[in-house]
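Peer 1: Would you be able to build a 3D model of this:
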Amino acid sequence: MTIRHAISFCALFLAASLSLAQDKSGVKKTAIEPSSPASGKDMFAQYCAACHGPDAKGKGPAAAALKTPPADLTTLAKRHDGKYPRDYVANILRTGTGAAAHGSDMPTWGPLFHSLDQGHDADVQLRIKNLNDYLASLQAK
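Peer 2: Numbers count the residues shown, from 1 in each chain. Coordinates of the predicted model:
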């Protein structure tokens, strides 16, 4: 095999591998990108808006490809007797507990945040707190 054939084969293999990165739903899964834990709004835009939409109403560009439609996150308080369920949301973000109600497409963010923050639990907790604060600020009145 010549160098030219080897390069062509590698390019073809790489292209095939990249096309397999999409799952059956058509949603391309990529590695999580680092972001600052300081802004819940920025983290929402980076990690949540693709499914939940930039307005958090569950109509993001990837929503149609999911098994279960993403929740409207602006109605969390309304769906919990008028009180924003801070502990419930933090638990879903941290451990995924309760995420089955949101469909199996929703990632469990705690381990992903740990991977970003190299085990610095204070930064993981800051991410969860700031994302939770941002979601609380979006609740419909």
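Peer 1: pLDDT weak spots in the chain?
Peer 2: 1-31, 97-105, 119, 141 (pLDDT under 70).
Peer 1: Show me the helices in it, by range?
Peer 2: With helices called from DSSP state H, the chain shows them at 3-19, 40-43, 49-52, 86-95, 109-116, 121-137.
Peer 1: Compute the inter-axis angle for the fourth one and helix 109-116.
Peer 2: Translated: helix 86-95. Using axes from the mean of the first three to the mean of the last three CA atoms, to 10 degrees, the direction of helix 86-95 lies 50 degrees away from that of helix 109-116.
Peer 1: show me what contacts the residue nearest to Trp109 when sequence neighbours are not counted?
Peer 2: Distances taken as CB to CB, 6 or more residues apart in numbering put Leu93 closest to Trp109, at 4.7 Å, once the chain neighbours are dropped. For the C-beta atoms, the positions are set from N, CA and C on the backbone; glycine is no exception. Under the criterion of CB atoms under 8 Å, 6 or more residues apart in numbering, the neighbours of Leu93 are Trp109, Gly110, Ile128, Leu131, Asn132.
Peer 1: Can you report how many residues neighbour the third one?
Peer 2: Using other CB atoms under 10 Å, Ile128 has 22 other residues around it.
Peer 1: now do the fourth one
Peer 2: Close neighbours of Leu131, defined as other CB under 10 Å, add up to 24.
Peer 1: again with the first one
Peer 2: Here the neighbour count serves as a burial measure; for Trp109 (other CB under 10 Å) it reads 23.
Peer 1: any idea how far Asp42 is from Phe113?
Peer 2: 14 Å (CB to CB, to the nearest Å).
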